[in-house]
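Asker: structure here, sequence nowhere to be found:
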């Protein structure tokens, strides 16, 4: 497309020469995020250091109707930060200050470019817990986590990013700086823009500061592993756990294909003959965790588990959680193209949904392995492909379209924690209906009359 | 104002003759909610029984540009349901079905007119907990709770209504029916309209169905009471509790004036010589609650409490919680006009804020007693007046304007859990700023182009 004359010079005026990148290699680096098969080069990459610089860039962009795609680490899996219409990628990775971590108020205030792991470490250093723990947490930024409402392994017991965002500073596409919420657990003054911006994927405003709630660090964390003949058996155990009044911190599953891939990758001593693996765990006061783990073991055994083991120490507990976390890299080794999806269904429909996925995969002749969060019904069916095989990629797209339709039929959703981005936008109307899609567009226009922010994504 | 010709007949066509009320006595009953000093009569009160009827009424109202004020029990304290511009009061009190309570999915689905207490009882009957517990819960409706994002006594540990709303059915002012969220803990498909509608006070859409998350009922609940010389001492104890890594389910305070009023009203044996009372409590597994109560007692004692007692049984525990809950009726007996306010400040500013309130009350020659939620910094300064004394009422308004300004200075907010309504709208710009106020109006227009829904409230 090319930028209007004078825009690059004006950007250099705003952020300095070292904050503007135009070299072909650098533009190529910002043409992609972690989503396979989507790429589009921006015309320029801009690195602001202050809220005022962000506001000046946005005013300039609105004036010249230049698209702006805000970006953190680019670790999202829904092509949310691919600059489909070119223009400016606004990289917030130089806004990396942890402004405060306050143990008395149980909150932290950070700039958007701070990584999730750095925030979690800063909290842990004061015996506090930052709850959201997306798989990408060592590289993902807090701003990106808020923009996508990132989830993680603790959804059912603790909720997701939206449950921990207390306040935001955000810049509207027209350049106004607003502050929503703040340092308060109770605040109902005005519409809940804090939550509206959370998960809006950089289409409504650019986040320049985030205040999050922290929790006291649990005294104890415990983990166990159960093997089952089938995922249906594992899901019966999950139902029995909830019926017993236990809401565990961790309740993750791997199907047979994932178990095999993880064991091949990490040699953790996982059983190869099981149809499904359930990783369970809890955190809290020592006596509660110990008691709950014994109850969880008993329930899994009664539900027909082949074998149940409790991790004897923190090291083994960490190893088991690593098994779950390495599902994606382990599967990625099976082919050089990995499409990781993200549907959610009500918990009682989990086993039926996995059956559907397996049936669809077989029908389309694809390798689709599934792992995910059994506690909150969030599944990650993952298709492993040869990137040169266009015909197979086409089949994969058709298979996923059927998987999304099945999730919706089961009263589920097309994305539980990864986001809509460009990847899911074609399916969003199936989930929300035409009336709600029109409403989303009107809300988008209320924030962004010129339509410059992240065009081609939700609200477009 | 009067309605356009034919509107009443059309309403009778939609909801039936028995669902339309026009008698002067009935219009007078819907001219007020629980907020003193605000009243305005509607032209008609309409009682729909189905979502389709709600949609038909709204289409009619948009076509004729007739104001519509959705209303549950009218128990709000911010004049959110006073029909300032006349028109239609849409009373949802005939939509009272509990559609399901599901222990496997830990959720309930209800029509908006179900009272909070009825939902809580239906959950309790299956050993489940519906968390939000606003003071009005025996009369307030779930729809009203969602519309105002109602709080209660459990904010710090458990959050407020927004943390428990999973999905909504809502009718737009133009008649379209949308469904947001659903039965899922993780769902990021589209902007978070579930949370945007929560707390929107009937200005964006009319809620016709609500799906809420439930928790397993805690095995044990325990309560204790501590007396202090001053509220500053009580707040020091609160800070020490949080520093010790405890987030108790209950942490309520009464100032000296409240203690005296409650004791006079309910004869619970409260100490009259204390400057402040702190009610603390926790819930969860038996061993955890017992241990935490002992720790809480120790921390209060070390912070200089005059006396600390743990409730010996459930009956005494209930009596202590009743002491807190009856603060408002107890204060109401001191005068026939009671203005109950609702500011929140960061927890460490609580004592300073109460000092400010006392200073302002003294300067204006008013009786203002303060009680509230120490855990989440949410204060309810309550002014007791003679309704015939216009000059004193005027002084009270001036005093509260100063209290709101002080809360904002302390990085707090003008309403923690009661809402904006008509009562706080004049102060909202002080909290949000002019740019955010304009944004709220644009969002309002995106939902309600004709401006028929609850005019004169937030977004107007």
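Answerer: Sure thing, it's come through. The shown structure was predicted, so the numbers you read here are calculated from the model rather than taken from an experiment.

Asker: any low-confidence regions in the stretch 1-150 of chain A?
Answerer: By pLDDT under 70, the low-scoring segments of the stretch 1-150 of chain A are A:1.

Asker: tell me where it has strands.
Answerer: Assigned by DSSP state E, counting those that start in this stretch, the strands in the stretch 1-150 of chain A fall at A:20-21, A:44-46, A:68-71, A:88-91, A:98-102, A:107-110, A:128-129.

Asker: just confirm yes or no for the third one near chain B.
Answerer: No: remark: strand A:68-71 sits outside contact range of chain B, by CB under 8 Å from any CB of the partner chain, the gap being at least 15.9 Å. In short, each C-beta sits where N, CA and C put it, glycine included.

Asker: and that strand, what does it pack against?
Answerer: Judged by 3 or more CB pairs under 8 Å, 6 or more residues apart in numbering or on different chains; DSSP states H and E, strand A:68-71 is in contact with helix A:51-64, strand A:88-91, helix A:142-148, strand A:206-213.

Asker: do that again at 7 Å, thanks
Answerer: For strand A:68-71, the elements it packs on are strand A:88-91, judged by 3 or more CB pairs under 7 Å, 6 or more residues apart in numbering or on different chains; DSSP states H and E.

Asker: from the middle of its chain, how far away would the strand it packs on be?
Answerer: When distances are taken as CA atoms, centre = their mean, to the nearest Å, strand A:88-91 is centred 20 Å away from the chain's centroid.

Asker: ok, and what's touching that strand?
Answerer: The contact list for strand A:88-91 (CB atoms under 7 Å, 6 or more residues apart in numbering or on different chains) reads A:30, A:42-48, A:57, A:61, A:66-71, A:83, A:206.

Asker: stretch A:426-439 too?
Answerer: A:404-405, A:408, A:413-414, A:420, A:458, B:172, B:176, B:178, B:189-190, B:446.

Asker: list the buried residues for stretch A:238-257?
Answerer: Within stretch A:238-257, the residues scored as buried using 16 or more other CB atoms under 10 Å in any protein chain shown are A:238-242, A:245-257.

Asker: can you list the residues of the stretch 51-200 of chain A near chain B?
Answerer: Residues of the stretch 51-200 of chain A lying near chain B by CB under 7 Å from any CB of the partner chain: A:103-106, A:127, A:148-149, A:151, A:155-156, A:160, A:162-163, A:172, A:176, A:178, A:182-192, A:195-196, A:198-200.

Asker: and these, which of them are in helices?
Answerer: Among these, DSSP state H puts A:148, A:155, A:156, A:195, A:196 in helices.

Asker: and those, which is closest to chain B?
Answerer: residue A:195 (3.5 Å; CB to the nearest CB).

Asker: before we move on, the earlier item: out of the ones in helices among the residues of the stretch 51-200 of chain A next to chain B, who's nearest residue A:441?
Answerer: residue A:196 (14.6 Å; CB to CB).

Asker: tell me, how many neighbours does the residue lying closest to the closest one once chain neighbours are set aside end up with?
Answerer: Counting by CB to CB, 6 or more residues apart in numbering or on different chains, residue B:196 is the residue found nearest to residue A:196 once chain neighbours are left out, at 4.9 Å. Residue B:196: 21 surrounding residues under other CB atoms under 10 Å in any protein chain shown.

Asker: okay, residue B:196: pLDDT?
Answerer: We have a pLDDT of 98 for residue B:196.

Asker: domains for chain A, by residue range?
Answerer: Following automatic domain parsing, one gets these domains for chain A: A:7-93, A:98-216, A:220-325, A:335-428.

Asker: quick one: contacts for the nearest residue to residue A:448 once chain neighbours are set aside?
Answerer: Nearest non-adjacent residue to residue A:448, counting by CB to CB, 6+ apart: residue A:173, 4.3 Å away. Counting by CB under 7 Å, 6+ apart, residue A:173 touches A:58, A:62, A:447, A:448, A:450, A:452, A:453.

Asker: related to what we said a few turns ago, out of the buried residues of stretch A:238-257, which touch chain B?
Answerer: Among the buried residues of stretch A:238-257, the residues that sit close to chain B (CB under 7 Å from any CB) are A:239, A:242, A:245, A:247.

Asker: wait, the second one sits on residue B:104?
Answerer: It refers to residue A:242. Yes: using CB atoms under 7 Å as the test, residue A:242 is close enough to residue B:104 to be in contact (6.3 Å).

Asker: quick revisit: show me the contacts of stretch A:426-439 that map onto strands.
Answerer: Counting by DSSP state E, the contacts of stretch A:426-439 place residue B:178 in strands.

Asker: dump the contacts of stretch A:426-439 to CSV, plus pLDDT, neighbour count and distance to residue A:374.
Answerer: Formatted as CSV, the contacts of stretch A:426-439 follow (pLDDT from 0 to 100; neighbours: other CB atoms under 10 Å in any protein chain shown; distance: CB to CB, whole Å):
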residue, pLDDT, neighbour count, distance to residue A:374
A:404, 98, 22, 20
A:405, 98, 16, 22
A:408, 98, 17, 20
A:413, 98, 27, 16
A:414, 98, 30, 19
A:420, 98, 30, 24
A:458, 97, 29, 28
B:172, 98, 24, 36
B:176, 98, 18, 36
B:178, 98, 19, 30
B:189, 98, 28, 20
B:190, 98, 29, 25
B:446, 98, 21, 38
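
Asker: quick check on the closest residue in space to residue A:406 that isn't next to it in sequence: phi, psi?
Answerer: Spatially, and ignoring its direct neighbours in sequence, residue A:406 is nearest to residue A:356 (4.5 Å; CB to CB, 6+ apart). Torsion angles at residue A:356 (phi, psi; degrees, to the nearest 10) stand at phi -60, psi -50.

Asker: now do residue A:356 against residue A:372, distance only.
Answerer: Distance of residue A:356 to residue A:372, given as CB to CB, to the nearest Å: 14 Å.

Asker: good, we can wrap up now.
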